[in-house]
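Trainee: Need coordinates for the below:
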Amino acid sequence: MMEIDFAQFDDIDAIVRIEGECFMNEAWTREMIESDFFKRSIYIVTRNELGVPIAYLSMLDLEIEGEILRVAVKKQYRRKGVAKRMIRFLIEHLKANGYQQLYLEVKSTNEEAIKLYEHLGFMKFNERKHYYGSGEDALNYILLLD
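Mentor: Have a look, this model is predicted:
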C-alpha cells in the first residue's frame, strides 16, 4: 500500500533522484531543491510499501494560494493514479487551511498531465506562446478552492 505524506529533509536524496529521472536535462539541482525545501514551499511524497519515496510534488506556498511547481513520478509507478492522489492530498490540505486557489503551469504538449489537471477541476486561464526554450507553449491553470 502506498502512503502519501509531507516530505521530510531526509527525503531529499530520493527527491533528487526522482527529479533527475523525470526531468533529465531540465532537472533541478540538489542545491535548488534544498533551497526550495526551506523556503515557502510544501513538499509531498508518495512512498512504496518499503517506505521509499517513488513520487513527489512541490508547491510554492503563498499563504492563501499556492502554485504547484513540480509533480514527478518514477516511471514504473506512472499511470497508477499516484499523481492524482498526491494532488488530491494537497487540495484537501489547502482547503482545510483556508487557501483560496491553486495554480500550475504545464507544457502544452504534456497531454497526459493536462487531462489529469482538467479532470481534477483546474481551468485554463492563460497561454504563453513559445514560453519554453524548446519553443513549446506554457498553459496556466487555476483551481478555486472555496
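
Trainee: can you give me how far the longest helix anywhere in the chain is from the chain middle?
Mentor: Ranked by residue count, the top helix of the chain under DSSP state H comes out as helix 82-96. On the basis of CA atoms, centre = their mean, to the nearest Å, helix 82-96 is displaced by 10 Å from the centre of the chain it belongs to.

Trainee: Check stretch 89-102 too.
Mentor: Counting by CA atoms, centre = their mean, stretch 89-102 comes out at 14 Å from the chain centroid.

Trainee: do stretch 62-70 as well
Mentor: The chain centroid and the centroid of stretch 62-70 are separated by 10 Å, computed with CA atoms, centre = their mean.

Trainee: Could you give the number of residues near the residue lying closest to residue 19 once chain neighbours are set aside?
Mentor: Nearest non-adjacent residue to residue 19, counting by CB to CB, 6 or more residues apart in numbering: residue 27, 4.8 Å away. Backbone N, C-alpha and C define where each C-beta goes, glycine included. Residues within reach of residue 27, counting by other CB atoms under 10 Å, total 18.

Trainee: go on, residue 126?
Mentor: 11.

Trainee: likewise the one 3 residues further on?
Mentor: Burial measure for residue 129: 9 neighbouring residues, criterion other CB under 10 Å.

Trainee: buried sites along the longest helix of the chain?
Mentor: For helix 82-96, the neighbour count (16 or more other CB atoms under 10 Å) marks 82-83, 86-87, 89-91, 94 as buried.

Trainee: could you dump that helix to CSV, C-alpha only?
Mentor: Output in CSV follows, covering the C-alpha atoms of helix 82-96 (Å, rounded to 0.1, in the frame of the first residue of the first chain):
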residue,chain,number,x,y,z
VAL,A,82,-0.1,8.4,-7.9
ALA,A,83,0.0,12.0,-9.2
LYS,A,84,-3.8,12.3,-8.9
ARG,A,85,-3.7,11.1,-5.2
MET,A,86,-0.8,13.5,-4.4
ILE,A,87,-2.7,16.5,-5.9
ARG,A,88,-5.9,15.5,-4.1
PHE,A,89,-3.9,15.2,-0.8
LEU,A,90,-2.6,18.7,-1.4
ILE,A,91,-6.0,20.1,-2.3
GLU,A,92,-7.5,18.7,0.9
HIS,A,93,-4.7,20.2,3.0
LEU,A,94,-5.1,23.6,1.3
LYS,A,95,-8.9,23.6,1.8
ALA,A,96,-8.5,22.6,5.4
